[in-house]
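In: Give the three-dimensional model of this entry:
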Amino acid sequence: MSPIQVTGRINKSGQLELDEPLELPAGAARITIELLSDEEADIVDEANWDKAFSESQSALSALAAKVRQEYRAGKTVELDLDELERDSL
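Out: Numbers count the residues shown, from 1 in each chain. Sure, this is the predicted structure:
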């Protein structure tokens with residue numbers, strides 16, 4: 001079987017959190033963990049965001065069209081940041 005590369009983070013509890021869930025067949029596995037520098041981690045994060053945005057363009061375009069339609073139909077209200085902040089306290 002060919003190698004599978006995954007990315008993730010080690011949380012403050014020392015547990016590994018994968019960026020994407022895996023579904024692997026049952027059996028033995030060899031796992032190697034490579035710790036990245038902050039700079040390398042930033043590069044990986046940026047690549048993950050770029051990939052996510054590029055794969056979601058059609059969904060974002062459809063959502064934007066729906067929002068424009070609701071705005072034109074008068075179904076939206078202006079966002080009051082002061083009220084939003086008060087509600088979050």
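
In: Which residue, other than its chain neighbours, is closest to Ile33?
Out: In space, and not counting its chain neighbours, Ile33 is closest to Leu16: 7.4 Å by C-beta to C-beta, 6 or more residues apart in numbering. In short, each C-beta sits where N, CA and C put it, glycine included.

In: Equivalent analysis for Leu35, please.
Out: Leaving aside its chain neighbours, Leu35 sits nearest to Ile10 (8.0 Å; criterion: C-beta to C-beta, 6+ apart).

In: Settle this for me: that neighbour is touching Leu16, isn't it.
Out: Yes. Ile10 lies in contact with Leu16 (C-beta atoms under 8 Å); the separation is 5.7 Å.

In: could you say what helices and strands the helix ranked longest in the chain packs with?
Out: Ranked by residue count under DSSP state H, the longest helix found in the chain is helix 38-55. Packing contacts for helix 38-55, counted by 3 or more C-beta pairs under 8 Å, 6 or more residues apart in numbering; DSSP states H and E, involve no helix or strand.

In: average pLDDT across that helix?
Out: Averaging the model's pLDDT scores along helix 38-55 yields 88.

In: next one: stretch 7-20
Out: Rounded mean pLDDT across stretch 7-20 is 86.

In: Show the pLDDT at Met1.
Out: pLDDT, read off for Met1, is 68.

In: Oh, that last question was meant for Pro25, not what I typed.
Out: For Pro25, the predicted pLDDT is 82.

In: Contact partners for it?
Out: By C-beta atoms under 8 Å, 6 or more residues apart in numbering, Pro25 lies in contact with nothing.

In: before we move on, what SS does it have?
Out: What DSSP: H, G, I helix; E, B strand; the rest coil gives for Pro25 is coil.

In: related to what we said a few turns ago, I figured the residue nearest to Ile33 hits Ile31, correct?
Out: No. In this structure Leu16 lies outside contact range of Ile31 using C-beta under 8 Å: 9.3 Å.

In: Which residue ranges of the protein form strands?
Out: Here the chain has its strands, by DSSP state E, at 8-10, 16-18.

In: for the last one, packing partners?
Out: Read it as strand 16-18. Contacts defined by 3+ C-beta pairs under 8 Å, 6+ apart place strand 16-18 against strand 8-10.
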